[in-house]
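**Student:** Sequence and predicted structure below; questions after.
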Amino acid sequence: MSHGKQFTLFTHVGGPNGWKVAFVLAELGLTYESVYLDFGKGEQKAPEHTKYNPNGRIPTLIDHKNGDLAIWESGAIIVYLADKYDPEGKFSVQGDEKYAQLQWLFFQASGQGPYFGQAVWFKKYHPEQLPSVVERYQKETLRVLGVLESVLSKQEWLVGGKLTVADLSFIPWNNFATALILADYPDFNFEKDFPATAAWHSKLTSRPAIKDVWGQRDTLL
């Protein structure tokens, strides 16, 4: 494994969870090398990866400046990066607000990611067409956007009155929501239905570091 950069990120070109870690790394100015695993070849389940991540999924982060510490689960990786590499709190908060930040990271990992992921699976990859299942996960996607809207309609950012890793964690799956999950949902209009959330998402995706990282994805697809 090359140690030319501080981190190695095992990820996947199409996997949103790897990209949210890449966003945090980029915003913190940390250097990393991405290793894109080929799911078609089962590389995520191969010993070269499972020796770091027994779950055999992405992302996995190796910190070469901390004894090659391996961390998996995207939420845990983001908490690690915030705790260890954002001492000035540029993209994180401390004190009691840290638990508010943590609750949003948990909500993203348990509420947004799984539901949006199932929506993508049943719309695009499942061998059978199951309209009722697709509709269920589309409605869950709308529900999650509604939760965000209920908060962002009252404040600019999720926690601490500033942009944090909590906000950054929602970007990739929200991209999927608008481009794929709800693209054909009757009368769906992101800016009209969820104006505060759409404005927040636009602010996030217009950031130079985010545009650069997501642009890398576009070149790889």
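**Tutor:** Sure thing, it's come through.

**Student:** Lys34: helix or strand, and which one exactly?
**Tutor:** Check again: residue 34 is Ser, not Lys. In the assignment (DSSP states H and E), Ser34 maps to strand 32-36.

**Student:** so where do the helices sit in this structure?
**Tutor:** 16-27, 47-50, 74-85, 97-107, 113-120, 131-152, 165-169, 171-176, 190-193, 195-205, 208-220 (DSSP state H).

**Student:** Tabulate those helices in a markdown table, adding columns for mean pLDDT, distance to Gln6 and mean neighbour count.
**Tutor:** Just so you know, the C-beta spots here come from the backbone N, C-alpha and C atoms, and that holds for glycine as well. As requested, the helices of the chain are exported to a markdown table (pLDDT from 0 to 100; distance: least, Cβ to Cβ, whole Å; neighbours: other Cβ atoms under 10 Å):
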| stretch | mean pLDDT | distance to Gln6 | mean neighbour count |
| --- | --- | --- | --- |
| helix 16-27 | 97 | 9 | 24 |
| helix 47-50 | 97 | 19 | 14 |
| helix 74-85 | 98 | 9 | 20 |
| helix 97-107 | 98 | 22 | 17 |
| helix 113-120 | 95 | 26 | 20 |
| helix 131-152 | 97 | 32 | 17 |
| helix 165-169 | 98 | 18 | 26 |
| helix 171-176 | 95 | 22 | 22 |
| helix 190-193 | 97 | 36 | 13 |
| helix 195-205 | 98 | 24 | 17 |
| helix 208-220 | 93 | 16 | 13 |
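
**Student:** domains for this structure, by residue range?
**Tutor:** 7-90, 97-208 (automatic domain parsing).

**Student:** so which of those comes closest to Leu221?
**Tutor:** Relative to Leu221, the nearest member of the domains of the chain by Cβ to Cβ is domain 7-90, separated by 6.2 Å.

**Student:** End to end on that closest one, go ahead and measure it.
**Tutor:** Terminal residues of domain 7-90 lie 20 Å apart, using Cα to Cα, to the nearest Å.

**Student:** likewise stretch 43-56?
**Tutor:** Rule used - Cα to Cα; the end-to-end distance of stretch 43-56 is 9 Å.

**Student:** which residues touch the one residue sitting closest to the centre of the chain?
**Tutor:** Nearest residue to the geometric centre of the chain (Cα atoms, centre = their mean): Lys20, 3.4 Å. Going by Cβ atoms under 8 Å, 6 or more residues apart in numbering, Lys20 touches Ser74, Ile78, Leu168, Ser169, Phe170, Ile171, Pro172.

**Student:** export these to a markdown table and tack on distance to Asn53?
**Tutor:** Output for those, formatted as a markdown table (distance: Cβ to Cβ, whole Å):
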| residue | distance to Asn53 |
| --- | --- |
| Ser74 | 11 |
| Ile78 | 16 |
| Leu168 | 22 |
| Ser169 | 19 |
| Phe170 | 23 |
| Ile171 | 23 |
| Pro172 | 19 |
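
**Student:** one step back: let's have the helices of the chain in JSON lines, adding distance to Ser34.
**Tutor:** Shown next, in JSON lines, are the helices of the chain (distance: least, Cβ to Cβ, whole Å):
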{"stretch": "helix 16-27", "distance to Ser34": "7"}
{"stretch": "helix 47-50", "distance to Ser34": "13"}
{"stretch": "helix 74-85", "distance to Ser34": "13"}
{"stretch": "helix 97-107", "distance to Ser34": "22"}
{"stretch": "helix 113-120", "distance to Ser34": "20"}
{"stretch": "helix 131-152", "distance to Ser34": "27"}
{"stretch": "helix 165-169", "distance to Ser34": "17"}
{"stretch": "helix 171-176", "distance to Ser34": "14"}
{"stretch": "helix 190-193", "distance to Ser34": "29"}
{"stretch": "helix 195-205", "distance to Ser34": "20"}
{"stretch": "helix 208-220", "distance to Ser34": "8"}
